[in-house]
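Engineer: my questions are about this predicted structure, shown below with the sequence.
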Amino acid sequence: MSGAVLNKAGTNVSTTMSSDAGEELEEFINQAESYINVLTRYNFIDNFAGLNADVKKLLEEAASNLAAIYAIQYDMSGYTSRVEAEDMINILWARFKDCIRLLENQEAITYIKGA
């Protein structure tokens, strides 16, 4: 998932994200996954293996969007302007919220658990 995070954060993301064995980036991914679990009141990460491919992709999208936001916020100095970084954050946040709405929807939860 780290590749997706770096792609979403863009070419101007801090080089710290791809260096130091990816420790900072890995921590951002772990934080994003934990946040999703608590927000949805369901531990998707522990039950990941039993989910269908569509749900896995939705979770990966949500987590990589949030982790990319963390990566951008970590150091905005590489972006051409703060506005550029904030625009990227806003786009990622909007899509993250769309994913969470699906994961919180009771009909979607029934599908997720039954699929």
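Structural biologist: That came in fine, so what should we check first?
Engineer: please point out which parts of stretch 31-49 sit buried.
Structural biologist: For stretch 31-49, burial by neighbour count (16 or more other Cβ atoms under 10 Å) applies to A32, E33, Y35, I36, N37, T40, Y42, F44. Just so you know, the C-beta spots here come from the backbone N, C-alpha and C atoms, and that holds for glycine as well.
Engineer: narrow the residues you listed to those in strands?
Structural biologist: If you go by DSSP state E, those have nothing in strands.
Engineer: would you turn the residues you listed into a markdown table with pLDDT and distance to N105?
Structural biologist: Formatted as a markdown table, these follow (pLDDT from 0 to 100; distance: Cβ to Cβ, whole Å):
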| residue | pLDDT | distance to N105 |
| --- | --- | --- |
| A32 | 96 | 20 |
| E33 | 95 | 20 |
| Y35 | 96 | 18 |
| I36 | 95 | 14 |
| N37 | 93 | 16 |
| T40 | 89 | 10 |
| Y42 | 88 | 12 |
| F44 | 88 | 14 |
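Engineer: closest to A85 out of the residues you listed?
Structural biologist: A32 (17.9 Å; Cβ to Cβ).
Engineer: the closest one: what's it in contact with?
Structural biologist: By Cβ atoms under 8 Å, 6 or more residues apart in numbering, A32 lies in contact with A62, A63, S64, L66, A67, Y70.
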